[in-house]
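K.L.:
Dropping a prediction and its sequence here:
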Amino acid sequence: MITITTSANKKVYFASDQHLGAPTQEASFPREKKFVAWLNEVKKDAEAIFILGDLFDFWFEYKTVVPKGFVRVLGKLAEIKDAGIPIYFFVGNHDLWMNDYFEKELNIPVFHKPQEFLINNKKFLIGHGDGLGPGDKGYKRMKKVFTFPLFKWMFKWLHPDIGVKLGQYMSVKNKLISGDEDAKFLGEENEWLVQYCKKRLSEKHFDFFVFGHRHLPLDIKLQENSTYINLGDWIQYYTYGEFSNEKLSLKKY
């Protein structure tokens, strides 16, 4: 478990699902600039920043090549990390082929599964959220295929001009591969991340569960002292999480 203790007047920030590059680089450019502006603003009082996956709509790391573009957001993340502010990155279903580029180039740790954090003595379970809980069986099967080492090895032999173009096309067009759901609240009994949180809560106490993936801002009380937050997205809602004074709030930029 990683422990974070905030200094006076410092905050911890959470954001997810920017999907930069979708539906095209040109179309997503204004959203990239807006997210960079947010990063530039929160770095003034950030104790730590969490990015919970799907920063990119498609990402694949060849041995010596990564997808073209995203210079502004990568540069801003490097600047913030170089300033001594910790950044934690969780891969999503659209950037699940991330390996060690962020770790080596930006010194940002990358997590592929939900992780426990202790922030100001509050217990957090943090992750992207894809493939958790009951249901979503089609995506779960597809994820096993795409994370299978042989499949990744075969894909890397495609020329990047072909592989990246194919990946971007499938990421936008194929809902089974993306794992995305329509961004509408289904009721607690049908929200599989709510069910996942309740199951984990029956095994161990967490004050906060923080996930993305649903593209829907949600703030749901699970118990008197336990809350599930879904961060929404940076396509429609431009929402983020802010932890300050032992309270986690959803805010809009």
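P.N.:
Cool, the structure landed.
K.L.:
neighbours around residue 3, how many?
P.N.:
Here the number of neighbours of residue 3 (other CB atoms under 10 Å) works out to 9. Backbone N, C-alpha and C define where each C-beta goes, glycine included.
K.L.:
do you know how far it is from residue 215?
P.N.:
30 Å (CB to CB, to the nearest Å).
K.L.:
just residue 185 next, same as before
P.N.:
11 Å.
K.L.:
Between these two, point out the one with more neighbours.
P.N.:
Between residue 185 and residue 215, counted using other CB under 10 Å, residue 215 has the larger neighbour count: 23 against 13.
K.L.:
So residue 32 is in contact with residue 74, correct?
P.N.:
No. Counting by CB atoms under 8 Å, residue 32 stays clear of residue 74, with 10.1 Å between them.
K.L.:
Which strand residues bridge residue 48?
P.N.:
Residue 48 has these beta-bridge partners by DSSP bridges: residue 12.
K.L.:
Enumerate every residue touching it.
P.N.:
Residue 48 sits next to 4, 12, 13, 85, 86, 87, 88 when contact means CB atoms under 8 Å, 6 or more residues apart in numbering.
K.L.:
same thing but at 10 Å, please
P.N.:
Neighbouring residues of residue 48 by CB atoms under 10 Å, 6 or more residues apart in numbering: 2, 4, 6, 10-14, 85-88, 117, 119, 243.
K.L.:
Would you list the buried entries among these?
P.N.:
4, 6, 10-14, 85-88, 117, 119, 243 (16 or more other CB atoms under 10 Å).
K.L.:
Distance to residue 209 and pLDDT added to the residues you listed, as JSON lines?
P.N.:
Output for the buried ones among the contacts of residue 48, formatted as JSON lines (distance: CB to CB, whole Å; pLDDT from 0 to 100):
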{"residue": "4", "distance to residue 209": "17", "pLDDT": "95"}
{"residue": "6", "distance to residue 209": "20", "pLDDT": "94"}
{"residue": "10", "distance to residue 209": "22", "pLDDT": "96"}
{"residue": "11", "distance to residue 209": "19", "pLDDT": "97"}
{"residue": "12", "distance to residue 209": "15", "pLDDT": "98"}
{"residue": "13", "distance to residue 209": "17", "pLDDT": "98"}
{"residue": "14", "distance to residue 209": "12", "pLDDT": "98"}
{"residue": "85", "distance to residue 209": "24", "pLDDT": "97"}
{"residue": "86", "distance to residue 209": "20", "pLDDT": "97"}
{"residue": "87", "distance to residue 209": "20", "pLDDT": "98"}
{"residue": "88", "distance to residue 209": "16", "pLDDT": "98"}
{"residue": "117", "distance to residue 209": "11", "pLDDT": "98"}
{"residue": "119", "distance to residue 209": "13", "pLDDT": "97"}
{"residue": "243", "distance to residue 209": "13", "pLDDT": "98"}
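K.L.:
TSV for these, including distance to residue 236 and secondary structure?
P.N.:
Shown next, in TSV, are the buried ones among the contacts of residue 48 (distance: CB to CB, whole Å; DSSP: H, G, I helix; E, B strand; the rest coil):
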residue	distance to residue 236	secondary structure
4	30	strand
6	30	coil
10	29	coil
11	24	strand
12	24	strand
13	20	strand
14	18	strand
85	28	coil
86	29	coil
87	24	strand
88	24	strand
117	28	strand
119	28	strand
243	23	strand
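K.L.:
Just the closest of those to residue 234, please.
P.N.:
residue 14 (12.2 Å; CB to CB).
K.L.:
before we move on, back to that, quickly list what's touching both of residue 32 and residue 74.
P.N.:
residue 55.
K.L.:
okay, those two: which has more neighbours?
P.N.:
Set residue 32 next to residue 74 and count neighbours by other CB under 10 Å: residue 32 wins out with 21 against 17.
K.L.:
Give the helix, strand or coil label for that one.
P.N.:
helix (DSSP: H, G, I helix; E, B strand; the rest coil).
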